[in-house]
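Q: Let me see the structure of the following:
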Amino acid sequence: MDLIFSDEFSCEQPGLFDPIRDTLLNGDYYMHLADLMSYAAAQARAAALHRDPDAWAREAILNVAASGRFSSDRTIAEYAAHVWHAQPSPVP
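A: Take a look at the predicted model:
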């Protein structure tokens, strides 16, 4: 970030990234910087896991198995019922 904000990558246009810096430091609504260290740590754990194909496959399978209530089927059913007011149409 220091390189970006020191105009290292925008020598021809000094201050080009100032709006980004100002937003991150003074109005970071989505807390990008506040969560940066935990994001980097999670990314490092994911990268390490990805280097072990068996462990990666195990975690992927466990994540899918645990998704149950958060599945797309549930989401679509809720939209159909509460947003579109559509009724199920069973197929024999």
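
Q: Please, where are all the strands along the protein?
A: With DSSP state E, there are no strands along the chain.

Q: So which residues of it form helices?
A: Assigned by DSSP state H, the chain shows helices spanning 2-5, 18-26, 36-50, 53-66, 72-82.

Q: Contacts for the fourth one, please.
A: When contacts are defined by Cβ atoms under 8 Å, 6 or more residues apart in numbering, helix 53-66 is touched by residues Leu49, His50. Any C-beta I mention is one placed from the backbone N, CA and C, and that applies to glycine too.

Q: can you tell me the average pLDDT over it?
A: Over the span of helix 53-66, the pLDDT mean works out to 93.

Q: Same check on the last one?
A: Taken as a whole, helix 72-82 has an average pLDDT of 87.

Q: likewise the third one?
A: Confidence over helix 36-50, taken as the mean pLDDT, stands at 94.

Q: Counting by contacts, list what it packs against.
A: Under the contact criterion of 3 or more Cβ pairs under 8 Å, 6 or more residues apart in numbering; DSSP states H and E, the helices and strands touching helix 36-50 comprise helix 53-66.

Q: what angle separates the helix it packs on from helix 36-50?
A: For helix 53-66 against helix 36-50, the angle between stretch directions is 110 degrees (axes from the mean of the first three to the mean of the last three Cα atoms, to 10 degrees).

Q: Going by neighbour count, list what's buried in helix 53-66.
A: By 16 or more other Cβ atoms under 10 Å, helix 53-66 has no buried positions at all.

Q: before we move on, back to that, now render the helices of the chain as JSON lines, adding distance to Val91.
A: Listed next are the helices of the chain as JSON lines, based on distance: least, Cβ to Cβ, whole Å:
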{"stretch": "helix 2-5", "distance to Val91": "55"}
{"stretch": "helix 18-26", "distance to Val91": "51"}
{"stretch": "helix 36-50", "distance to Val91": "40"}
{"stretch": "helix 53-66", "distance to Val91": "25"}
{"stretch": "helix 72-82", "distance to Val91": "15"}
